[in-house]
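Enquirer: Prediction below, plus the sequence it came from.
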Amino acid sequence: MSIQKVQNNKAWFMVMPVLILVAISAIIPLMTVVNYSVQDTFGNNEFFWVGTEWFQEILSSERFHNALLRTLLFSGLILAIEIPLGILIALAMPKRGWSVSVCLVLMALPLLIPWNVVGTIWQVFGRVDIGLLGHGLASLGIDYNYTQDNLDAWLTLILMDVWHWTSLVVLLCYSGLVSIPEVYYQAARIDGASRWAVFRFIQLPKIKRVLLIAVLLRFMDSFMIYTEPFVVTGGGPGNITTFLSIDLVQMAVGQFDLGPAAAMSLIYFLIILLVCWVFYTVMTSYDNDEQLNGPGAQ
Amino acid sequence: MALDNKKLKMASIQLQSLAHRYPSAADYALNSMQQSWNDGGAYALLGPSGCGKTTLLNIISGLLKPSEGRVLFDDFDVTDLTTEQRNIAQVFQFPVVYDTMTVADNLAFPLRNRGIAKNEIEKRVADTLQMLDLQGRANERARSLTADDKQKISLGRGLVRTDVQAILFDEPLTVIDPHLKWQLRTELKKIHQRFQHTMIYVTHDQTEALTFADQVIVMYEGAVVQIGTPQQLFETPEHTFVGKFIGSPGMNVLPCEIDGSEAVFAGKKFSLNTAVDNRGARFELGIRPEHITLSQSEGMPLTVTALEDVGRHVIVRGEIAGTALCALVKDGVAIPENPCVSFDSARINLYADDYRVGSGRGD
């Protein structure tokens, strides 16, 4: 390097508090998990080195494959429903007047409810004996029972998640939509653009960034979902709603298989990390594209 | 029913008892007006910010529905038609481009929406690109352009449509670099001569209005106060606002009294071409700084307060009997120590409550 840089290592003291916090809250617990994942124990605090045995066992176990597939299917369905629905609701929301606040409050309500309460609400709501939904459907002659029927259990969980989280997508999209200047819509009318063209060429490009954030948040949350399905179905009937998180807790706390559970949670963590990295790359490449081409971009 | 079915190329625009009040506002943004603008004319709507220019433009294009009155294109009532049906092009103050499209697609967009044949679209887009000097950037993404180029595209989306009833410009050159401004304005003028579109150009810049338009429509507080050629606006402003707004510096407006067919200002009498009988009105004399001469002894004594050298002439600011006044003196002409001023009495205009009621008679 030809340029002389002044080296001042005192700056490291400035980042010390953050390093300590991150170490205590994330790195050390994670290392404990790593520690468990490569050892086996038969009690008495005696540990034996097993190398990657637990990882191999998890990765080749059908139980893990099935839970992973169920979780991916759940996240896929959630995204496929909540993102378009959220955009549609955001488009339909009023842009001004007193009804804006009413809509926003109504939208925010489900987001404020604690997750296990959401689970309890739907657990009761869907019960055939006393639940409004379950009893209502039963009295209409529809055979619905989420504790016995696989499809009903999935429908209930998806409906619950859509009810709980679509608002988040709506609020993010709405914030993107209201920031579009009125003149864009006027220009579109002058140009004779159809409703679809207005969405495709004005609204969608303008909400693209918030939409990416919405997709990322909804993917992570639905991929890690635990509380609500645990309260409503407990993973059943059978294993049909046992997602990775529920499976993991059963393995670690129910069976006390610390080694496999640690290995599984690391794999679980890496999958989420991988997906987030993909999203991050997509988002930043979109930004870079803009910067490379457009010094004058607004 | 859309107007383009009638095979009209352009249209005269008539406004009948048109007025507009925004729902939440107490006052009218536009006061009732009666206007008829010719087919193929180049009009400039000139006025200060907030005088209702943009409101009027949006009513003509159909973006806004007037609360009272009718809008007619060639005797055809379009008041209840949508913007799309009116077949109007409008360019806005700030650039509007479709970010994800290329430059060429942006220009083709209004044509595609109207189902025009593909080869016709290609031809017109190519013409427009050339007109705007953007040939080399046809396939670039619109979002990567500079503000200047974006506004060129906004202009282009209006100009690419050769069959419109009228093209409306809402201060389109505000964000444009001064050098490019001249170039584009000249280009617009050329386009007008070539296609003879009815063009309405909103601006608050008098130079822009006077160079672009055959007829300038001056608006003030929601009303049209005068329509005329640049020369008419300069020589016989129908409203004191026009006198002050047009010209640099603007017309001197001096309070006066009426005595039969004479106006009296600071003890001096100016004969008028008509007898005036507007009892109770507030009378004022209007005289342009260009029509005031300074001399050693002839006329009313002027107390000079400031001299501004603006190049080709010097602006002399002063007071007569407590009323501020300014005069123009050609560069190089000596300014007397204690000057006296005299007015070119044929160029005097008389105003009653701000509206012109008469003029001076040459001696």
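Expert: Cool, got the structure. What you are looking at is a predicted structure, and each value in this text was computed from that prediction instead of being measured.
Enquirer: Report the buried residues of stretch B:16-27.
Expert: Across stretch B:16-27, burial judged by 16 or more other Cβ atoms under 10 Å in any protein chain shown covers B:16, B:18-21. From N, CA and C alone the C-beta is placed, and that goes for glycine too.
Enquirer: Stretch A:83-93 now?
Expert: So for stretch A:83-93, counting by 16+ other Cβ under 10 Å, buried means A:83, A:86-87, A:89-91, A:93.
Enquirer: Pull out whichever of these are also neighbours of chain B.
Expert: The subset of these lying close to chain B, counting by Cβ under 8 Å from any Cβ of the partner chain, is empty.
Enquirer: In strands only, show me the residues you listed.
Expert: Nothing among these maps onto strands, per DSSP state E.
Enquirer: how about JSON lines for the residues you listed, with pLDDT added?
Expert: Formatted as JSON lines, the buried residues of stretch A:83-93 follow (pLDDT from 0 to 100):
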{"residue": "A:Ile83", "pLDDT": "95"}
{"residue": "A:Gly86", "pLDDT": "96"}
{"residue": "A:Ile87", "pLDDT": "95"}
{"residue": "A:Ile89", "pLDDT": "95"}
{"residue": "A:Ala90", "pLDDT": "94"}
{"residue": "A:Leu91", "pLDDT": "94"}
{"residue": "A:Met93", "pLDDT": "92"}
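Enquirer: ok, those vs chain B, which is closest?
Expert: Set against chain B, the nearest of the buried residues of stretch A:83-93 by Cβ to the nearest Cβ is A:Ile87 (16.5 Å).
Enquirer: So what sits opposite B:Val91 in the bridge?
Expert: B:Val91 has the following beta-bridge partners by DSSP bridges: B:Phe169.
Enquirer: Can you tell me how far it is from B:Asp205?
Expert: Separation of B:Val91 from B:Asp205 (Cβ to Cβ, to the nearest Å) stands at 16 Å.
Enquirer: more crowded one of these two?
Expert: Counting neighbours by other Cβ atoms under 10 Å in any protein chain shown for B:Val91 and for B:Asp205 shows that B:Val91 has the greater number, 25 against 15.
Enquirer: With adjacent residues omitted, what lies nearest to B:Gly158?
Expert: Nearest residue to B:Gly158 in three dimensions, chain neighbours excluded: B:Ala89, at 3.7 Å (Cβ to Cβ, 6 or more residues apart in numbering or on different chains).
Enquirer: For burial, what's the neighbour tally of that neighbour?
Expert: Per other Cβ under 10 Å, the neighbour tally for B:Ala89 reads 24.
Enquirer: In space, not sequence, find me the middle residue of chain B.
Expert: Geometric centre of chain B, nearest residue: B:Leu46, 2.4 Å, by Cα atoms, centre = their mean.
Enquirer: Do I have it right that that one meets B:Phe245?
Expert: Yes. Using Cβ atoms under 8 Å, B:Leu46 is in contact with B:Phe245, at 7.4 Å.
Enquirer: Show me whatever sits in contact with both of these two.
Expert: B:206, B:218 (Cβ atoms under 8 Å, 6 or more residues apart in numbering or on different chains).
Enquirer: mind listing the helices for chain B?
Expert: Using DSSP state H, the helices of chain B run over residues B:53-61, B:83-86, B:103-113, B:118-131, B:147-159, B:178-195, B:206-212, B:230-235, B:240-245.
Enquirer: Can I get the ones you listed in CSV including mean neighbour count and mean pLDDT?
Expert: Shown next, in CSV, are the helices of chain B (neighbours: other Cβ atoms under 10 Å in any protein chain shown; pLDDT from 0 to 100):
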stretch, mean neighbour count, mean pLDDT
helix B:53-61, 23, 89
helix B:83-86, 20, 86
helix B:103-113, 22, 92
helix B:118-131, 15, 90
helix B:147-159, 23, 88
helix B:178-195, 15, 83
helix B:206-212, 19, 84
helix B:230-235, 16, 89
helix B:240-245, 23, 91
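Enquirer: Thought B:Ile60 was touching B:Leu81, still the case?
Expert: No. B:Leu81 lies out of contact with B:Ile60 (Cβ under 8 Å); the separation is 11.6 Å.
Enquirer: how much space between A:Trp274 and chain B?
Expert: Actually, residue A:274 is Leu. It isn't Trp. 29 Å (Cβ to the nearest Cβ, to the nearest Å).
Enquirer: residues touching B:Val59, list them.
Expert: Actually, residue B:59 is Ile. It isn't Val. By Cβ under 8 Å, 6+ apart, B:Ile59 lies in contact with B:18, B:20, B:30, B:65-66, B:71.
Enquirer: Same list, the residues you listed, but as CSV with pLDDT please.
Expert: As requested, those are exported to CSV (pLDDT from 0 to 100):
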residue, pLDDT
B:Leu18, 87
B:His20, 89
B:Leu30, 85
B:Lys65, 89
B:Pro66, 89
B:Val71, 89
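Enquirer: when you check chain A, which of these turn up near it?
Expert: Within these, nothing lies near chain A by Cβ under 8 Å from any Cβ.
Enquirer: What is the nearest of those residues to A:Thr233?
Expert: B:Lys65 (54.9 Å; Cβ to Cβ).
Enquirer: and chain B, what are its domains?
Expert: B:3-235, B:248-359 (automatic domain parsing).
Enquirer: Determine which stretch of the ones you listed is the most buried.
Expert: Each of the domains of chain B was scored by mean neighbour count; the highest is domain B:3-235, a mean of 19, by mean count of other Cβ atoms under 10 Å in any protein chain shown.
Enquirer: what's the offset of that domain from the middle of its chain?
Expert: How far domain B:3-235 lies from its chain's middle: 13 Å, per Cα atoms, centre = their mean, to the nearest Å.
Enquirer: Enumerate every residue touching the closest residue to B:Thr100 other than its chain neighbours.
Expert: In this structure, B:Thr100 finds its nearest non-sequential neighbour in A:Pro205, 4.8 Å apart by Cβ to Cβ, 6+ apart. A:Pro205 makes contact with B:98-100, according to Cβ under 8 Å, 6+ apart.
Enquirer: residue closest to the middle of chain A?
Expert: Nearest to the mean C-alpha position of chain A, by Cα atoms, centre = their mean, lies A:Asp221 at 2.1 Å.
Enquirer: For the stretch 1-150 of chain B, just list every one of the strands.
Expert: Using DSSP state E, counting those that start in this stretch, the strands of the stretch 1-150 of chain B run over B:13-20, B:30-37, B:42-46, B:68-73, B:76-77, B:89-91.
Enquirer: what lines up beside the first one in the sheet?
Expert: Right, strand B:13-20. By DSSP bridges, strand B:13-20 pairs with strand B:30-37 (antiparallel), strand B:68-73 (antiparallel).
Enquirer: do the fifth one as well
Expert: For strand B:76-77, the pairing partners within the sheet under DSSP bridges are strand B:68-73 (antiparallel).
Enquirer: Could you measure from A:Pro205 over to B:Asn113?
Expert: Using Cβ to Cβ, A:Pro205 is found at 17 Å from B:Asn113.
Enquirer: let me fix that: B:Met33
Expert: From B:Met33 over to B:Asn113 the distance is 32 Å, taken as Cβ to Cβ.
Enquirer: same question, B:Pro336
Expert: Distance from B:Pro336 to B:Asn113, by Cβ to Cβ: 67 Å.
Enquirer: about what we covered before: any idea how far the residue nearest to the centre of chain A lies from chain B?
Expert: According to Cβ to the nearest Cβ, A:Asp221 and chain B sit 29 Å apart.
Enquirer: follow-up on the earlier one: will you turn the strands paired with strand B:13-20 into TSV that also has distance to A:Ile24?
Expert: TSV is the format used below for those (distance: least, Cβ to Cβ, whole Å):
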stretch	distance to A:Ile24
strand B:30-37	68
strand B:68-73	71
